[in-house]
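Engineer: Next comes the sequence, and after it the predicted model I'd like to discuss.
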Amino acid sequence: MGVDLRQVVAGILTITMFVMLGQMIKRDHFDSVEEKLPGVSDDARFDDSKLEAKSLVSLSRRNKSPWKEESQELKQCWSRPTSDLVEDSKGFVIFSLTNGPEYHVSQVAAAVVVAKYLGATLVLPDIRGSKPGDRRSFGEIYDVAKFVRSLDGIVRVAKEPPSGISTRNLAVVKVPNTVTEEYIVDHVEPKFKSKGNIRLATYFSSVNMKKPSQKSDLDSTSCLAMFGTLELQPEVHEVVDSMVERLRTLSRKSDGQFLAVDLRVDMLEKKNCQGTKSCFGAQEILEFLQKIGIDKDTTIYLTQSRWDSSLNALKKFFPKTYTKDGIMPVDKKSKFLDSEESEYEKVIDYYICSQSDIFVPAISGLFYANVAGNRIASGRTQILVPANIEGSSASAANYISTYVSKKNHLAYSCFC
């Protein structure tokens, strides 16, 4: 039988096409895996149907990825304080929230603890900024109903100071942010009994938030006040949520993960930041992120409100670097960003840094300490403290905050 040359050629071409197609499929498969391996090109992002959980962990460790899944959310290891309210209040405790949300948490905790111990009524605080006359109501930032409801049966809350009381003539009592029963007995209760009403002024003897070595009967009240009373009012909550959603949308290649850096140029220029290891500038943060393996395509949020030329090198390497001005909804800027008052900006920074997948505090202080507390309570323990790394690379695990690695944050006395 004769052989048709055209059929032979067609057969060879068909076989060749299948071989080429097989090679293409094989190459595409491995390219896609390589792109998704942490520490190679993109952030950790795996196809769960092809890799078991154990494989994901081993791959992550082998590549020393700075990204990791959220830890399991801790459970509260304190019971709701018992209700021992008497029919009549013994007086009023008045206080103000000052300096920003990182201070508000401790100020509320101290006031609630004092009011409960004294059997006093707590007056809903106002919020005061750093400038004279910069004052707003509690409800402009926080949810009043949530605050009152959370303390129901624990401490009476009055939304306004009682009529007939001049807040200017009240006895001012200073209390430490981690107030103890002994301190209340020695320094607060005598003045309260003699005056009937007092104004609290919280002072911070230290900016660290390490958990106390000894437990106290007031711990459950303090835990409730710190982690169960403050919630953003709906409009502010909506702005924060929209900005977080925007950051996650910009992070499609890293499975919606983004990194937040507390880096404020004005703070870096202050005297206590000059020449210290507790503050890191944009160039130092750039080098730190490079050496721990943060990918160039990572979305980064900076607490700096508006762009500054000192941030240019950071953005050149990490083009998806944004300040509030770059991601805040346009219709919200006039109220939350363009105002001369900075209280809203501080609140936005605090809550975005609490929700990011990685938090890097370029500036040591109370902002870092209380953001860490929020993150620990919600299982977001990837907090990387920057350092000057001498080598060309390092594992991100070496820079986990000691608040987390040593479990010595105050939050660990409330959650376990």
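Structural biologist: Great, that's in hand. Numbers count the residues shown, from 1 in each chain.
Engineer: Give me the buried stretch members for stretch 141-157, please.
Structural biologist: Buried positions in stretch 141-157, judged by neighbour count with 16 or more other CB atoms under 10 Å: 141-144, 147-148, 150-151, 154-157. Quick note: C-beta positions are derived from backbone N, CA and C, even for glycine.
Engineer: could I get the residues you listed as a markdown table with pLDDT, distance to A394 and secondary structure?
Structural biologist: What follows is the buried residues of stretch 141-157, written out as a markdown table (pLDDT from 0 to 100; distance: CB to CB, whole Å; DSSP: H, G, I helix; E, B strand; the rest coil):
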| residue | pLDDT | distance to A394 | secondary structure |
| --- | --- | --- | --- |
| I141 | 96 | 39 | coil |
| Y142 | 97 | 40 | strand |
| D143 | 98 | 42 | coil |
| V144 | 97 | 47 | helix |
| F147 | 97 | 43 | helix |
| V148 | 96 | 48 | helix |
| S150 | 95 | 42 | helix |
| L151 | 94 | 46 | coil |
| I154 | 92 | 47 | coil |
| V155 | 93 | 48 | coil |
| R156 | 93 | 53 | coil |
| V157 | 95 | 49 | strand |
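Engineer: where are the low-confidence patches of the stretch 101-250 of the chain?
Structural biologist: For the stretch 101-250 of the chain, the stretches with pLDDT under 70 are 167.
Engineer: Show me where it has its helices.
Structural biologist: Remark: helices assigned in the stretch 101-250 of the chain by DSSP state H, counting those that start in this stretch are 101-118, 144-150, 181-183, 189-195, 219-228, 234-249.
Engineer: so can I have TSV of those showing distance to R375?
Structural biologist: As requested, the helices of the stretch 101-250 of the chain are arranged in TSV below (distance: least, CB to CB, whole Å):
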stretch	distance to R375
helix 101-118	13
helix 144-150	20
helix 181-183	29
helix 189-195	35
helix 219-228	12
helix 234-249	14
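Engineer: for those helices, which one ends up most surrounded?
Structural biologist: helix 101-118 (a mean of 24; mean count of other CB atoms under 10 Å).
Engineer: okay, the angle between that one and helix 219-228?
Structural biologist: Angle, helix 101-118 to helix 219-228, by axes from the mean of the first three to the mean of the last three CA atoms, to 10 degrees: 150 degrees.
Engineer: Please state the offset of helix 101-118 from the chain centre?
Structural biologist: Centre-to-centre, helix 101-118 and its host chain are 20 Å apart (CA atoms, centre = their mean, to the nearest Å).
Engineer: what about K406, how many neighbours?
Structural biologist: The number of residues packed near K406 is 11, by other CB atoms under 10 Å.
Engineer: K75 too?
Structural biologist: Going by other CB under 10 Å, the residues that sit close to K75 add up to 7.
Engineer: my guess is it meets A377, correct?
Structural biologist: No: with the criterion set as CB atoms under 8 Å, K75 and A377 do not qualify as a contacting pair; they are 10.2 Å apart.
Engineer: overlap in contacts of those two?
Structural biologist: Counting by CB atoms under 8 Å, 6 or more residues apart in numbering, the common neighbours of K75 and A377 are F415.
Engineer: check contacts around G91.
Structural biologist: Counting by CB under 8 Å, 6+ apart, the residues that G91 touches are 118, 120-121, 192, 195-198.
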